[in-house]
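Colleague: Using only what follows, build the 3D model:
(one chain, ligands or ions: 1)
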Amino acid sequence: MTAALPTTGLSNALTVDVEDYFQVSALAPHIARHRWDAMPCRVERNVDRLLQLFERHRAHATFFTLGWIAERYPRIVRSIAAAGHEIASHGYGHLRASEQTPEEFSADIRRAKQLLEDTAGVEVLGYRAPSFSIGHANQWAFDCIAEAGYRYSSSVYPVRHDHYGMPDAPRFPYEARPGLLEIPLTTARLLGRNLPAGGGGYFRFFPYQVSQWAIRRVNRVDGRPAIFYFHPWEIDPDQPRIPGVSLKTRFRHYVNLHRTEARLSLLLADFHWDRVDRCFGLRAS
Ligand SMILES: [Zn+2]
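Modeller: Have a look, this model is predicted:
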């Protein structure tokens, strides 16, 4: 029951946070970082599947990639760039900005930028903080991001959530620092509240039509592009299960994994998708 569409002519921004299933913040208490190297890798094959899916739909995307992934799997970064997608940074080690000192945070985001640029051979303009971890308490992070040479950040989700969110932040791109644009994840405004419409667990939990409605509303009522995100592990129902995880976290991480790829296909068919740098005219060509 998907309508044929791009109806507004707007390009929406498609984004992927490139990390493996064992690097997710909510699972961090259950997997020590020193074990990452020993975990079975799923990200290579999952990114390959995404690249095929995007090619079928002629969609382009921005891949916010961990420096840790670029270091171990440089082929992934090169194949993303070779397929015409944008390489951006998700930091090096997937630590929340809110759990680091400004010095640690700066070192992490600079290391990732350098690694990604050396691997892909292109300038990296964009950064996304792990778990949207920029809020009122750590606005200094924007100074670090600007000083590290990034031109945009997509690190704020203006919703209420127990792990992240800044519900009173602007819903649309704003200059966080001179020369640094913050591009928040998409929300739909309804009855005085911001509803999350930018992907992640909500996309897997609610029926597809909820996302379809919300993105259409943002395009038509607000006249703005949507910014949508997900992870390679979200199309991988066979990923190894992490033991000892609470019921809530287990539900959030594993719900409807087997449905996500088909839902993404609907989303890619129903809207026009492009890279963040192109949607917002950020790269001089
Ligand atoms: Zn992440």
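
Colleague: quick one: contacts for Leu190?
Modeller: Taking C-beta atoms under 8 Å, 6 or more residues apart in numbering, we find Leu190 in contact with no residue. C-beta coordinates here come from the backbone N, C-alpha and C atoms, glycine included.

Colleague: Pairing partners for it in the sheet, please.
Modeller: The partner list for Leu190 in beta bridges (DSSP bridges) reads Arg193.

Colleague: Distance-wise, check it relative to Pro167.
Modeller: 14 Å (C-beta to C-beta, to the nearest Å).

Colleague: And Gly9, by the same measure?
Modeller: For Gly9, the distance to Pro167 - C-beta to C-beta - is 30 Å.

Colleague: Who has more neighbours out of these two?
Modeller: Ranked by neighbour count (other C-beta atoms under 10 Å), Gly9 and Pro167 place Pro167 first, with 13 against 7.

Colleague: what pLDDT does the nearest residue to the more buried one once chain neighbours are set aside get?
Modeller: For Pro167, ignoring the flanking residues on the chain, the nearest one in space by C-beta to C-beta, 6 or more residues apart in numbering is Arg160 at 4.8 Å. At Arg160, the predicted lDDT confidence score is 79.

Colleague: helix, strand or coil for Arg160?
Modeller: coil (DSSP: H, G, I helix; E, B strand; the rest coil).

Colleague: Could you double-check that it lies in contact with Ala169?
Modeller: No - Arg160 is beyond contact range of Ala169, at 11.4 Å (criterion: C-beta atoms under 8 Å).

Colleague: the helices in this protein, which residues?
Modeller: Per DSSP state H, the chain carries helices over the ranges 43-56, 67-72, 74-82, 102-120, 140-147, 201-205, 208-217, 247-254, 257-270, 276-279.

Colleague: Which part of the stretch 101-250 of the chain gets nearest to the ion, residue-wise?
Modeller: Pro130 (4.4 Å; C-beta to the ion).

Colleague: The ion contacts on the stretch 151-285 of the chain?
Modeller: When proximity is defined by C-beta under 5 Å from the ion, the stretch 151-285 of the chain lies next to the ion nowhere.

Colleague: which residues of the stretch 151-285 of the chain score low on pLDDT?
Modeller: Low-confidence segments of the stretch 151-285 of the chain (pLDDT under 70): 162-164, 285.
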